[in-house]
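Q: fold the following, please.
(one chain, ligands or ions: 1)
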Amino acid sequence: MQRIYFDNAATTALDPKVLEEMLPFLTEKFGNPSSIYSYGRESKMGIESARKTVAKILHTKPGNIFFTSGGTESSNTAIRAAIRDLGCNHIITSPIEHHATLHCAEYWAHQGIKVSYVTILPTGHVDLDSLRNLLAAHTEGRTLVTLMHANNEIGNLLPIQEVGEICKAHDAVFHCDTVQTVGHYPIDLSQINVHFATGAGHKFHGPKGVGILYISDEVSIKPMINGGGQERNMRAGTENLYGIVGFAKALQMATETYEQDSTYIRSLKRYMAEQLPQQLGDVSFNGDWDGQSLYTVLNASFPKTEKSEMLLMSLDMAGICVSGGSACSSGASVGSHVINCIDPGSDRVPVRFSFCKHNTTAEIDTVIEKLKEIL
Ligand SMILES: Cc1ncc(COP(=O)(O)O)c(C=O)c1O
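A: Sure, this is the predicted structure:
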């Protein structure tokens, strides 16, 4: 059975060219980057050259890029640093963030930090007036604003520039979870008032378990992990050398073909958005899907029936990978906190289709045929 993979917001396939770039660092170039002999220096050069590549693409300096284990670690680190090192005693976030942010905010709430949630409009966008009001109302100490650039479930894009300006006007620290946009969107960090931004290699055909944390010059934080002197004394531990090299190669490749890839993937999203209601009738879309939205994600809702409740499982049996809400430990869907927030009380069944450059309209036709059969 041919598998159809429409879950690229969850993770993407490693590009063979990325693997090719990584392989020497898994085999002959195995030196510890901290060793001073040539084997070590070669590894060190691999890391520093990767850092330069990443910094150039994101329009910042190599010194502002720290390699981590992925988006979750980067967000945990930024939020902790804002509280521990930058004097923040208040977090403003949204109820539709990734759990890497939401569960951190909940943790800090238990530690006595005040946590406020911005209002989310029915389109899935952050109500910026609500953000301004929350910032203005907090007068006893500094605020950390943590809002994601593109929502991983519905694709909505935050006006990151404007949010940066709002934060600046209130002397707030701004952390932006850019995991869904790094590698998918031209990000110019020199033009955005953001203190922390994140990225994960596996979202753009790079390896899993490697990410970045951008830290702006405006903030100075204490080490994220204590130990050796790696990552300029900020994150101790022997580096994920091949992961770092793979991250940079994948980002470089994504940047080089951004125009053509994004145009193509956008056309797939549009095609599916046209075909679904045409072929299946009662299908609606969640979020601002044809407005300020990432071109990779289309979140559709189907009427609730006995069959649609089993939709993800039925699609899986047909070799089609998509996602719905989070799964609980028994594997049953427990719903999506994002969809529950923008469409409270709805009994429709949401399915996220997320595309990459390898998908085709023929695959979309097959998925729609399968949906017709199942529903
Ligand atoms: C928006 C967003 N933030 C954070 C993460 C977490 O990234 P990672 O799995 O690399 O830790 C993800 C990926 O699932 C994501 O989509």
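Q: list the buried residues in the worst-scoring helix or strand of the chain on mean pLDDT.
A: Lowest by mean pLDDT, DSSP states H and E among the helices and strands of the chain is helix 306-309, with a mean of 89. For helix 306-309, a neighbour-count test (16 or more other Cβ atoms under 10 Å) marks residue 308 as buried. Where C-beta positions appear, they are placed from N, C-alpha and C, glycine not excepted.
Q: which SSE is immediately downstream of that helix?
A: Next along the chain after helix 306-309, taking DSSP states H and E as the criterion, comes helix 311-317.
Q: elements contacting the least confident helix or strand of the chain?
A: If contacts are counted by 3 or more Cβ pairs under 8 Å, 6 or more residues apart in numbering; DSSP states H and E, helix 306-309 sits against no helix or strand.
Q: what sits up against that helix?
A: Helix 306-309 has contacts (Cβ atoms under 8 Å, 6 or more residues apart in numbering) with 302, 314, 349, 374-375.
Q: return the distance of it from the chain's centre.
A: 30 Å (Cα atoms, centre = their mean, to the nearest Å).
Q: now it - C-alpha only, CSV.
A: Only the C-alpha atoms of helix 306-309 are listed here, as CSV (Å, rounded to 0.1, in the frame of the first residue of the first chain):
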residue,chain,number,x,y,z
GLU,A,306,-20.2,7.4,13.9
LYS,A,307,-18.0,7.2,10.8
SER,A,308,-16.3,10.6,11.1
GLU,A,309,-15.4,9.9,14.8
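Q: now the strands for the stretch 1-150 of the chain?
A: With strands called from DSSP state E, counting those that start in this stretch, the stretch 1-150 of the chain shows them at 4-5, 65-68, 88-93, 114-117, 142-148.
Q: closest one to residue 27 among these?
A: Set against residue 27 and scored by Cβ to Cβ, the strands of the stretch 1-150 of the chain come closest in strand 65-68, at 20.5 Å.
Q: touching the closest one from outside, list them.
A: Contact with strand 65-68 is made by 47, 50-51, 54-55, 58, 74, 77, 210-215, 224, 231-232, 234-235, 239-240, 243-244, 247, as judged by Cβ under 8 Å, 6+ apart.
Q: how about the residues of the stretch 201-350 of the chain near the ligand?
A: Neighbours of the ligand within the stretch 201-350 of the chain, by Cβ under 6 Å from any ligand atom: residue 211.
Q: can you list the weak-confidence ranges in the stretch 201-350 of the chain?
A: Where the stretch 201-350 of the chain drops to pLDDT under 70, the residues are 325-334.
Q: residue of it closest to the ligand, please.
A: Relative to the ligand, the nearest point of the stretch 201-350 of the chain is residue 211 (5.3 Å; Cβ to the nearest ligand atom).
Q: distance between the ends of stretch 114-123?
A: For stretch 114-123, the first-to-last residue distance is 27 Å (Cα to Cα, to the nearest Å).
Q: check the offset of it from the chain's centre.
A: That offset, for stretch 114-123, works out to 19 Å (Cα atoms, centre = their mean).
Q: show the average pLDDT along that stretch.
A: Throughout stretch 114-123, pLDDT has a mean value of 98.
Q: please identify the buried residues of that stretch?
A: Result for stretch 114-123 [16+ other Cβ under 10 Å]: buried residues 115-118, 120, 123.
Q: closest one of those residues to residue 261?
A: Residue 261 lies nearest to residue 123 out of these, by Cβ to Cβ, at 26.1 Å.
Q: list the residues that contact residue 199.
A: Residue 199 makes contacts with 71, 74, 178-179, 182-183, 211-212, 214, 247, 251, as judged by Cβ under 8 Å, 6+ apart.
Q: recalculate using a threshold of 10 Å.
A: Applying Cβ atoms under 10 Å, 6 or more residues apart in numbering, we find residue 199 in contact with 54, 58, 65, 67-68, 70-71, 74, 177-183, 187, 206, 210-214, 247, 251.
Q: same check, this time on residue 218
A: 86, 168, 173-174, 193-195.
Q: also residue 189?
A: Residue 189 touches 55, 57-61, 64-65, 176, 178, 197, 214, 216, counting by Cβ under 10 Å, 6+ apart.
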